[in-house]
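Below are the sequence and a predicted model; questions follow.
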Amino acid sequence: MFVATHNGPQFVCGQAPPGDGPMGQRGTYAIQREEKILDASLEAIFQRVADFKNSLETFVKKLEFDHEHLNWPSMLDSFALLSSQLNTLNKILRSEKTPALRNQSVIPLLLSPDKDQELLRLTEGRVPVFSHEVVPDHLRTKPEPEVEELERSLAADASRLAPDLAQKQIQVMNKLCSNLLDKLAAVREEREADTAGLRQSNYTYNQADTNVLVSAVTLGKHLCRTASPSAMNMPTPSMVPQQQPAMPTGKLPSSIKTNIKSASSVHPYPR
């Protein structure tokens, strides 16, 4: 069994022994080769996970602190980056060069309730101690017993079905899914057609009126109105004879008298 140790929490990483025969029979060269392949695969996986983690942290910070300035294209770019990084990680895990990690086992060598600074640094402050309480959660490679029991019961129910009946149920489910997808596609096309028709037919303005307003503001056109025939036949104030007020006989108005008196007065600056 080959061993890989970390400087922080001490544990052993090796291949699970097969059922027949010990692993020591494979030879030193084969063991070293498997160690190098496993180390390279783990290094590539760690790098891709770190890239995904950094992108996810950046996206969460945008949502928390810069949500007022976010727009839909920026959100799509962030989702596209996360999706591409996940696809790259899945390709590495499914690659033929990557050893089957499910055949590897991690065995802790030292458990302590004391605070471990190196573990705290490696986990970025999330796991301060490597004790009996946290090991089952962090090193778990199988689901919980309740989940395993539920999976076994579902597998047993599926195995009791006859092959013909199971095939018929699969065909019915596929048909239902296909019909549902066709209906959703038809609804989507109908909505897109309605949206396009509304954009082409419904206008909130009149282009002719807009042109008249623009020409009136910029060039002064269409500002002079043509008088209607009824307005042209109506007499204007200058055409209507105005009656002069009747002057009383014998006496002058007070204003004229005042003017005459002021004219006959002595000039304040004699020659």
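Perfect, I can see it now.

got a list of contacts for the host helix or strand of A208?
Under the criterion of DSSP states H and E, A208 resides in helix 207-219. Applying Cβ atoms under 8 Å, 6 or more residues apart in numbering, the contact partners of helix 207-219 are 221-223. Placement of C-beta: from N, CA and C, glycine included.

Tell me the secondary structure at K221.
Following DSSP: H, G, I helix; E, B strand; the rest coil, the label given to K221 is coil.

Please name the residues that touch it.
Here K221 is in contact with 212, 215 (Cβ under 8 Å, 6+ apart).

Got the phi and psi for it?
Dihedral angles of K221 (phi, psi; degrees, to the nearest 10) stand at phi -80, psi 160.

Distance of it relative to A80?
Using Cβ to Cβ, to the nearest Å, K221 is found at 52 Å from A80.

V60 too?
From V60 to A80 the distance is 16 Å (Cβ to Cβ).

Tell me where this structure is predicted with low confidence.
For the chain, the stretches flagged by pLDDT under 70 are 1-27, 198-205, 224-271.

ok, now with 90
Under the criterion pLDDT under 90, the flagged ranges of the chain are 1-42, 62-75, 93-113, 116, 119-127, 130-146, 157-163, 166, 188-271.

Could you pull out the helices in it for me?
28-65, 72-94, 117-122, 135-138, 145-159, 163-201, 207-219, 229-233, 254-264 (DSSP state H).

got the ones you listed as TSV, with mean neighbour count and distance to L110 columns?
Formatted as TSV, the helices of the chain follow (neighbours: other Cβ atoms under 10 Å; distance: least, Cβ to Cβ, whole Å):
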stretch	mean neighbour count	distance to L110
helix 28-65	13	21
helix 72-94	12	29
helix 117-122	13	11
helix 135-138	11	11
helix 145-159	10	27
helix 163-201	10	50
helix 207-219	10	81
helix 229-233	8	107
helix 254-264	9	124
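
Relative to L111, which of these is closest?
helix 135-138 (6.4 Å; Cβ to Cβ).

what sits up against that closest one?
By Cβ under 8 Å, 6+ apart, helix 135-138 touches 108, 111, 127.

Surely the last one and V134 touch.
So the one you mean is V127. Yes: with contact defined as Cβ atoms under 8 Å, V127 counts as touching V134 (6.3 Å).

In terms of packing, which of those two has more residues around it?
V127 (17 against 14; other Cβ atoms under 10 Å).

Excluding sequence neighbours, find me the nearest residue to that one.
L119 (5.8 Å; Cβ to Cβ, 6 or more residues apart in numbering).

P128 versus the one you found, what's the distance?
Counting by Cβ to Cβ - L119 and P128 are separated by 7 Å.

Same question for K183.
54 Å.

before we move on, what about D66?
The value you get for D66 to P128, if Cβ to Cβ is used, is 31 Å.

who's more crowded, the two?
Neighbours per residue, other Cβ under 10 Å: of D66 and P128, the larger number sits with P128, 14 against 10.
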